[in-house]
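> Here you go, sequence then predicted model.
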Amino acid sequence: MLRLGDIAFADAATLLASHGLELIAVDDGAPIPGSYWGEPEAGIIGATVYARADTPVHSLLHEACHLIVLPPERRALVHTDATDSVPEEDATCCLQIVLADALPGVGRDRLMADMDAWGYSFRLGSTRAWFEGDADDARAWLAARGLPSA
């Protein structure tokens, strides 16, 4: 499982900043604010993503993408749980795969493998099968909002 400490923090912070988000480093062993799944998973509050060195990169991207897919007025209200919408969840999963290519040392292939290892479940059996064969609705949702989808 690729972790934030395995990549350059500055690369992740720059990627998130390009989408109007701030990445805050949490000290090793400290609680992660806004973590839905609990440590070491990333947390979100407003336009801020919190992560430790041991936070999985897939978690960092997933939580960041939850914020990216939201309009600013909804983003500002987020604390820990970003959505209960299936279309937004699907768009989040798709976008995190796409954005993985923008992180040196990560890329979509590694991210999808880590998503499978963590336990993401898709009806086609794997993240790759979903992304390549069943994510058209998520791509359309992202494209309609001017977000990267491929």
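Looks like it came in fine. Note that the structure is a prediction, hence the values are computed from the model and not measured.

> For the least confident helix or strand in the chain by mean pLDDT, buried residues please.
Least confident helix or strand of the chain, by mean pLDDT, DSSP states H and E, is helix 72-75 with a mean of 89. Buried residues in helix 72-75, counted by 16 or more other C-beta atoms under 10 Å: R75. (Each C-beta comes from the backbone N, C-alpha and C, glycine too.)

> and it, C-alpha only, in CSV?
Written as CSV, here are the backbone C-alpha positions of helix 72-75 (Å, rounded to 0.1, in the frame of the first residue of the first chain):
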residue,chain,number,x,y,z
PRO,A,72,-17.8,25.5,-3.2
GLU,A,73,-20.9,26.3,-1.1
ARG,A,74,-21.3,22.6,-0.3
ARG,A,75,-17.6,22.1,0.2
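
> So which residues make contact with the helix or strand just after it?
Next helix or strand after helix 72-75 toward the C-terminus (DSSP states H and E): helix 86-100. With contact meaning C-beta atoms under 8 Å, 6 or more residues apart in numbering, helix 86-100 is reached by 15, 57-58, 61-62, 64-66, 68-70, 82-83, 106-108, 110-112, 115, 120, 127, 130-131, 135, 137-139, 141-142, 147-150.

> can you give me the offset of helix 86-100 from its chain's centre?
Mean-position distance between helix 86-100 and its chain equals 7 Å (C-alpha atoms, centre = their mean, to the nearest Å).

> With stretch 68-80 instead?
That offset, for stretch 68-80, works out to 14 Å (C-alpha atoms, centre = their mean).
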